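Asks: Provided below are the primary sequence and the corresponding predicted coordinates.
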Amino acid sequence: MIKKILITFSLLYLAAIWLTYPLQYLPVYIPIYVPGYISVLSAITFFMYAWDKRQAKRSPHKKVNRTLERTLQLLALIGGWPGALIAQQLLRHKSQKRRFIIVLWLCVLVNVAAMGGLYFFV
């Protein structure tokens, strides 16, 4: 149940970002490339999670290079959090580490607050 809610939340956020421009709900000074930037960064973040999951499965058999948690968190912070949430739920990767989950949700809050701040206060 929570899995579907988190995936839906991420997809609705992406849809809302894309719909605000044609419907002109966001101020004119916010660049038009923002929806594309967030979508591409979300896709990159999703694939980084998938790559790390693949490497994690291979690691017991041989030495492999894993993606740093800091890198995954940075991608989420700079706008790729929808892809991170979707990957975390679908791939079941990094979904048990409490500290990682807390940092991811802080990234989500920062991004949503920043977008809300642009919309309401500027």
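Replies: Yep, that arrived.

Asks: rest of the way, CA atoms for contacts and neighbours
Replies: Will do.

Asks: now do residue 106 against residue 75, distance only.
Replies: As judged by CA to CA, to the nearest Å, residue 106 and residue 75 stand 13 Å apart.

Asks: neighbour count for these two, which is higher?
Replies: residue 75 (22 against 15; other CA atoms under 10 Å).

Asks: verify the stated contact: the more buried one with residue 43.
Replies: No - under the criterion of CA atoms under 8 Å, residue 75 is not in contact with residue 43, lying 10.5 Å apart.

Asks: what average pLDDT does stretch 20-38 get?
Replies: For stretch 20-38, mean pLDDT is 72.

Asks: ok, stretch 99-113 next?
Replies: 92.

Asks: begin at 15, not 1, for the rest of this chat.
Replies: Got it, first residue is 15 now, which makes that one stretch 113-127.

Asks: helices along the chain, start to end?
Replies: Counting by DSSP state H, the chain has helices at residues 16-34, 48-72, 83-89, 95-105, 112-134.

Asks: most tightly packed of these?
Replies: helix 95-105 (a mean of 24; mean count of other CA atoms under 10 Å).

Asks: who touches stretch 80-88?
Replies: 59, 62-63, 65-66, 69-70, 98, 114, 117-118, 121 (CA atoms under 8 Å, 6 or more residues apart in numbering).
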